[in-house]
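Trainee: Provided below are the primary sequence and the corresponding predicted coordinates.
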Amino acid sequence: MKRQKILEKTDLKAALYTRVSTEDQAKEGFSLDSQVERLRSYCSARGWVVHKEYVDDGYSGRYIRRPAYHELMEEIENWDVLLVLKMDRIHRNSRHFMEMMDELRRREKEFVSMTESLDTSTAMGRFVVDIIQRIAQLESEQIGERVYAGMRQKASTPLDRLDPEKSPYLGFNHPFGYDYIDGSLTVNLVEADAVKMIYQLYLDGKSMGEIAKRLNRADTPTKRGGKWDKRTISKILKNPLYTGQVLWDGVVRSAPHEALVDEGVFEDVQGIIARRRARLPIKIRR
């Protein structure tokens with residue numbers, strides 16, 4: 001009864017959470033403005049006070065690393081009830097959702113999904129929330145499987161058979177050495193020189209750690225402006241992208257961007273990496 005009476009109060013402070021992913025932005029009714037307006041109206045009808053609006057624009061609900069969501073949970077002591085338009089706006093992963101619900105229960109906070117008429121002040125509400133969330137996760141995983149199958153097919157298709165009007169690249173972080181512009185990779189001259197130096201230094205016997213230290217001493221920034229480390233150097237040395245190819249899930253095929261490293265040099269580097277790992281003598285083709 002205590003939990004049910006909480007939501008009957010008219011002075012509750014409501015935290016409004018809204019989210020759209022890239023896919024959602026193309027769907028009618030899922031715009032951020034539309035979500036926020038409907039949640040405000042709901043609070044007005046219930047007599048709740050809008051404590052704060054937390055908005056994640058362009059983030060998937062499958063993951064919890066969202067800035068507004070993180071801020072929402074950091075400020076949990078400042079509000080009474082978490083209000084969303086639909087359950088999948090807050091999470092599409094049942095484990096993440098249940099972890100959030102455990103934290104809300106521990107802090108004696110409530111959860112309300114407006115369009116699904118669900119609240120956690122009743123046992124039935126909590127049961128239905130769990131069932132619906134698992135259905136949402138199933139749908140998300142099925143979408144992921146279809147996307148993966150499509151990307152796998154695209155990765156396996158020769159370059160000359162791909163649609164020339166679409167980008168030949170699959171999802172990746174913008175690689176150091178290139179700028180990703182309008183679906184194409186263009187050489188970044190400053191970064192490209194650093195890539196070539198990394199390969200040459202490794203061929204000359206320098207370790208990945210030594211190369212990282214040298215770049216840091218020269219104040220050469222990474223793609224995101226951070227510091228270099230062995231892992232960053234390793235990714236560059238092992239990526240066939242720099243030979244004019246693309247790698248996705250073990251599939252390598254040619255791509256239209258300009259190569260920064262000769263294929264023979266790349267093969268030599270892979271050989272050195274393998275031999276150093278196995279503690280064998282280094283052999284380099286000259």
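Mentor: On my side now, so go ahead.
Trainee: Distance check, Ile211 against Asp268.
Mentor: Ile211 sits 16 Å away from Asp268 when distances are taken as Cβ to Cβ, to the nearest Å. No exception for glycine: its C-beta is placed from N, CA and C like everyone else's.
Trainee: Comparing those two, which residue is more hemmed in?
Mentor: Taking neighbours as other Cβ atoms under 10 Å, Ile211 and Asp268 compare with Ile211 leading, 24 against 19.
Trainee: Tell me if I'm right that the more buried one and Ile198 touch.
Mentor: Yes. Ile211 is within contact range of Ile198, at 5.7 Å (criterion: Cβ atoms under 8 Å).
Trainee: Quick check: neighbours shared by the two?
Mentor: Counting by Cβ atoms under 8 Å, 6 or more residues apart in numbering, the shared contacts of Ile211 and Ile198 are Ile233.
Trainee: C-terminal to the helix or strand bottoming out on mean pLDDT in the chain, what's the next element?
Mentor: The weakest-scoring helix or strand in the chain, judged by mean pLDDT, DSSP states H and E, is helix 2-8 (a mean of 52). Sequence-wise, the next helix or strand downstream of helix 2-8 (DSSP states H and E) is strand 13-20.
Trainee: Give the pairing partners of that following strand; include direction for each.
Mentor: strand 49-57 (parallel), strand 81-84 (parallel) (DSSP bridges).
Trainee: Ranking those strands by mean neighbour count, which comes first?
Mentor: Each of the strands paired with strand 13-20 was scored by mean neighbour count; the highest is strand 81-84, a mean of 24, by mean count of other Cβ atoms under 10 Å.
Trainee: and for that one, what are the contacting residues?
Mentor: Residues outside strand 81-84 that contact it (Cβ under 8 Å, 6+ apart) are 6-7, 12-18, 39, 42-43, 48, 72, 90, 104, 109-114.
Trainee: Then stretch 174-181?
Mentor: Residues outside stretch 174-181 that contact it (Cβ under 8 Å, 6+ apart) are 169, 185-188, 191-192, 194-195, 222-223, 236, 239, 241-242, 257, 260.
Trainee: switch the cut-off to 10 Å
Mentor: 167, 169, 172-173, 184-196, 198, 221-224, 228, 232, 235-236, 239, 241-242, 246, 257-258, 260-261 (Cβ atoms under 10 Å, 6 or more residues apart in numbering).
Trainee: now stretch 135-143
Mentor: Contacts with stretch 135-143, where a contact means Cβ under 10 Å, 6+ apart, come from 23, 60-62, 86-88, 91-97.
Trainee: got the buried residues for that stretch?
Mentor: 136-137, 140 (16 or more other Cβ atoms under 10 Å).
Trainee: Could you give the average pLDDT over that stretch?
Mentor: The average pLDDT within stretch 135-143 is 74.
Trainee: And for stretch 20-31?
Mentor: On average, stretch 20-31 scores 62.
Trainee: re earlier: could you redo the buried residues of stretch 135-143 as JSON lines and give each row distance to Arg146 and secondary structure?
Mentor: Shown next, in JSON lines, are the buried residues of stretch 135-143 (distance: Cβ to Cβ, whole Å; DSSP: H, G, I helix; E, B strand; the rest coil):
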{"residue": "Ala136", "distance to Arg146": "16", "secondary structure": "helix"}
{"residue": "Gln137", "distance to Arg146": "15", "secondary structure": "helix"}
{"residue": "Ser140", "distance to Arg146": "11", "secondary structure": "helix"}
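Trainee: still on that earlier bit, are any of the contacts of strand 81-84 buried, and which?
Mentor: Going by neighbour count (16+ other Cβ under 10 Å), the contacts of strand 81-84 have 6-7, 12, 14-18, 39, 42-43, 48, 72, 90, 104, 109-114 buried.
Trainee: if we can go back for a sec, output the strands paired with strand 13-20 in a markdown table; the columns should cover mean pLDDT and distance to Val251.
Mentor: Below are the strands paired with strand 13-20 laid out as a markdown table (pLDDT from 0 to 100; distance: least, Cβ to Cβ, whole Å):
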| stretch | mean pLDDT | distance to Val251 |
| --- | --- | --- |
| strand 49-57 | 95 | 32 |
| strand 81-84 | 95 | 39 |
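Trainee: I'd like these laid out as CSV, including distance to Arg275.
Mentor: CSV is the format used below for the strands paired with strand 13-20 (distance: least, Cβ to Cβ, whole Å):
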stretch, distance to Arg275
strand 49-57, 46
strand 81-84, 54
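Trainee: Nearest to Asn216, out of those?
Mentor: With Cβ to Cβ as the criterion, Asn216 lies closest to strand 49-57 of these, at 33.4 Å.
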